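J.: fold the following, please.
(one chain, ligands or ions: 1)
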Amino acid sequence: MASIGFIGLGNMGGHMAHNLIKAGHSLKAFDLFDAAVETAVSRGATAAATAADAATDVDVLITMLPAGKHVRSVYVENDALIDVVNPGTLIIDSSTIDVQSARDVIANATAKGIDMIDAPVSGGVGGAEAGTLTFMCGGSDKAYARAKPFLDIMGKNVFHAGAGGNGQAAKICNNMLLGICMIGTSEAFNLADKLGLDAQTFFDISSTASGQNWSMTSYCPAPGPIPTSPANNDYQPGFAVDMMLKDLRLAQEAARSVDAATPLGKDSEEIYGKLSDDGHGGLDFSGVIKMLAGKL
Ligand code: NAD
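T.: Presented below is the predicted three-dimensional model:
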């Protein structure tokens, strides 16, 4: 069994750490928020006094932090953990961050002979709790192979997307497509409604025709056709508008950095940005259908 340092025990990290403990690993937990550490301790973790403490003398160090600035702060700036860990420690950063920060931090680790991967996830808090997350990983073959057994405990689908940063690239490209598809699907349901087609009839036709997509068939933004979709629960998340907006902003930042044309990605960022600015950041992202219908 391995000794693991885990930093960032929030909505996602708390459950991920719990699954590693349940699998028999020993875990040192650190978070700036004391209550998050206390919860981890109640589940069998040891409290670390500092980030450096969590990173010292462990086989694996895992971080699950909000954004690129936190990851840079922990690894190469304030806490500078790249200088703290043993060279044999494997580092896994599962935070969703900008591609460039992921590449920079991994390059720093690699220069010191440390194996590190970026491994952002999809699957939400429910997936973190159930251990069914999807991991999208970037890094060397060796680092990925070392990480895989730990990712398999926390997730169901684990992909190696290539070099460092490619996990983040896969995640933001997928979520940009999801944002675009959700808006397009919402527009189609709203137009169908105004043209006198009820949602179920349009769904029955389009879900077996060429407009079919995941936003329609698994997460339908119109109430009715998919009983489990947030549309039937007053658009409670699910996946909140502000989280979609974060990923769309990361996608635009990445698109600008490589001069990629993403006009619909940009429109999607603006539409979700307006929804958030209007005070609906906590709504499920499929709630965009109400804004587009002029009902928010
Ligand atoms: P969260 O805000 O609940 O947890 C982040 C934790 O990091 C907090 O407990 C915070 O105190 C801690 N933290 C911040 N800076 C720190 C530092 N310097 N040192 C130690 N601890 C620090 O966020 P979350 O929902 O768990 O999400 C974590 C990451 O996973 C984000 O990048 C998010 O985009 C991504 N993600 C979240 C979801 C989701 O559904 N929540 C889904 C997929 C991906």
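
J.: burial of residue 56, as a residue count?
T.: 17 (other CB atoms under 10 Å). To be clear about C-beta, it is placed using only N, CA and C from the backbone, and glycine gets the same treatment.

J.: now it: how far from the ligand?
T.: Applying CB to the nearest ligand atom, to the nearest Å, the value for residue 56 to the ligand is 15 Å.

J.: residue 74 falls within a helix, correct?
T.: Yes - judged by DSSP: H, G, I helix; E, B strand; the rest coil, residue 74 forms part of a helix.

J.: residue contacts, it?
T.: 7, 51, 63, 65, 81 (CB atoms under 8 Å, 6 or more residues apart in numbering).

J.: is the ligand contacted by stretch 166-182?
T.: No - judged by CB under 6 Å from any ligand atom, stretch 166-182 and the ligand are separated, with a smallest distance of 8.0 Å.

J.: how about the residue in the chain positioned nearest to the ligand, phi and psi?
T.: Closest approach of the chain to the ligand (CB to the nearest ligand atom) occurs at residue 10, with a separation of 1.8 Å. With angles defined as degrees, to the nearest 10, residue 10 sits at phi -80, psi -150.

J.: isn't it right up against residue 31?
T.: Yes - taking CB atoms under 8 Å as the definition, residue 10 is a contact partner of residue 31 at 7.2 Å.

J.: which one of those two is surrounded by more residues?
T.: Taking other CB under 10 Å, residue 10 and residue 31 do not tie; residue 31 has more neighbours (25 against 17).

J.: circling back to that earlier point, grab the nearest non-local neighbour of the residue of the chain closest to the ligand.
T.: Using CB to CB, 6 or more residues apart in numbering and skipping the chain neighbours, the partner closest in space to residue 10 is residue 36 (6.3 Å).

J.: show me where the stretch 51-200 of the chain has helices.
T.: For the stretch 51-200 of the chain, the helices defined by DSSP state H, counting those that start in this stretch cover 51-55, 68-75, 99-111, 124-130, 141-154, 166-194, 199-206.

J.: so how far is the longest one off the chain centroid?
T.: Distance, stretch centre to chain centre, for helix 166-194: 16 Å (CA atoms, centre = their mean, to the nearest Å).

J.: just the buried residues of that helix, please?
T.: 166-173, 175-186, 188-190, 192 (16 or more other CB atoms under 10 Å).

J.: quick one: furthest residue from the center of the chain?
T.: Distance from the centre of the chain peaks at residue 196, with 38.0 Å (CA atoms, centre = their mean).

J.: now that residue: how far from residue 224?
T.: Applying CB to CB, to the nearest Å, the value for residue 196 to residue 224 is 16 Å.

J.: can you check residue 288 too?
T.: Relative to residue 224, residue 288 is positioned 17 Å away (CB to CB).

J.: neighbour count winner among the two?
T.: The residue with more neighbours, out of residue 288 and residue 224, is residue 288; 27 against 14, by other CB under 10 Å.

J.: which ones are touching the more buried one?
T.: By CB under 8 Å, 6+ apart, the neighbours of residue 288 are 182-183, 186, 221, 241, 271-272, 275.

J.: go again with 7 Å.
T.: 182-183, 186, 271-272, 275 (CB atoms under 7 Å, 6 or more residues apart in numbering).

J.: now residue 186
T.: So residue 186 contacts 221, 288-289, 292 (CB under 7 Å, 6+ apart).

J.: for the helix or strand harbouring residue 270, buried residues please.
T.: Using DSSP states H and E, residue 270 maps to helix 263-275. Neighbour counts over helix 263-275 (16+ other CB under 10 Å) mark 265-266, 268-269, 271-272, 275 as buried.

J.: got it, and stretch 68-84?
T.: For stretch 68-84, by 16+ other CB under 10 Å, it's 68, 70-76, 79, 81-82, 84.

J.: so which of the residues you listed reach the ligand?
T.: Within these, those near the ligand by CB under 6 Å from any ligand atom are 70, 73-74.

J.: export those residues as a markdown table, with columns for pLDDT.
T.: As requested, these are arranged in a markdown table below (pLDDT from 0 to 100):
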| residue | pLDDT |
| --- | --- |
| 70 | 98 |
| 73 | 98 |
| 74 | 98 |
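
J.: and residue 85, how far from residue 59?
T.: Relative to residue 59, and taking CB to CB, residue 85 is found at 10 Å.

J.: likewise residue 260?
T.: Per CB to CB, residue 260 is found 38 Å from residue 59.

J.: so these two - more neighbours on which side?
T.: Shown here are residue 260 and residue 59; by other CB under 10 Å, residue 59 has more neighbours (17 against 12).
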